[in-house]
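1. Turn this into a model:
(chains A and B)
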Amino acid sequence: NAGVTQTPKFRVLKTGQSMTLLCAQDMNHEYMYWYRQDPGMGLRLIHYSVGEGTTAKGEVPDGYNVSRLKKQNFLLGLESAAPSQTSVYFCASTPFGGGREQYFGPGTRLTVT
Amino acid sequence: EDQVTQSPEALRLQEGESSSLNCSYTVSGLRGLFWYRQDPGKGPEFLFTLYSAGEEKEKERLKATLTKKESFLHITAPKPEDSATYLCAVQAAYSGAGSYQLTFGKGTKLSVIP
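-> All right, here's what the predicted structure looks like:
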């Protein structure tokens, strides 16, 4: 039982390049989330999914797209990376039902130059 | 708008010196308040969930308490391995579209000196 895994762990992009971050969970959780964490800003929600085939915008969605084609995977895409997207990205998941804790992955550190 | 404010931003303790971290919140109906621990370069690790005022939970040297406006994380006789950033988050009873979103504070960075 690996929990929540993220690939890659580190990535450096040039402005304008694109990439996809992959999140996978093996806990059969319904809900999945993408956050970014910046110094002094705390964790901010980018996009989330309440089930396979669904996605919705969070607090800071601009410049990102997501897809949830399979229940266990949640992909975060950057179509044209900008230096402002330099951050640490975390994926999380939680089972159906409120009041349950979210389980986090180890993070992806992305630098855009 | 849900808000979470954690204080202090940073705290240095001598080993064995007990203290408390504060999490003040405003939320339109609290479904749950969560405490996480985050080590450098790692993802947040779940510690506690509190659901109603007056509730307390303990784990080793940590004890979390909840009132209607704030939560405290009490650390008793801390050890150097307790050094980490502690995050507080709230989940509103009516989070958007049944999303069960969490609103996080910025965290308290705890350093325990041997």
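
2. When you work out contacts or count neighbours from here on, use the C-alpha atoms and nothing else.
-> Fine.

3. for chain B, what are the nearby residues on chain A?
-> Neighbours of chain B within chain A, by Cα under 8 Å from any Cα of the partner chain: A:31, A:40-44, A:48-50, A:90, A:97-107.

4. try it again with 6 Å
-> A:42, A:98, A:99, A:104, A:105, A:106, A:107 (Cα under 6 Å from any Cα of the partner chain).

5. which residue ranges form the strands in chain B?
-> B:3-7, B:10-14, B:19-26, B:30-38, B:45-50, B:56-59, B:62-66, B:70-75, B:84-92, B:103-104, B:108-113 (DSSP state E).

6. ok, now chain A?
-> A:4-7, A:10-13, A:19-25, A:31-38, A:42-49, A:56-57, A:65-67, A:73-78, A:87-94, A:103-104, A:108-112.

7. of all these, which gets the most neighbours per residue?
-> Mean neighbour count (mean count of other Cα atoms under 10 Å in any protein chain shown) peaks for strand A:87-94 among the strands of chain A, with a mean of 26.

8. which residues sit against that one?
-> A:29, A:31-38, A:102-105, A:107-110 (Cα atoms under 6 Å, 6 or more residues apart in numbering or on different chains).

9. and stretch B:104-111, what's its mean pLDDT?
-> When pLDDT is averaged along stretch B:104-111, the result is 97.

10. First-to-last residue distance for it?
-> One end of stretch B:104-111 to the other measures 21 Å (Cα to Cα, to the nearest Å).

11. For chain A, tell me whether that stretch is touching it.
-> Yes - judged by Cα under 6 Å from any Cα, stretch B:104-111 and chain A are in contact via residue B:106.
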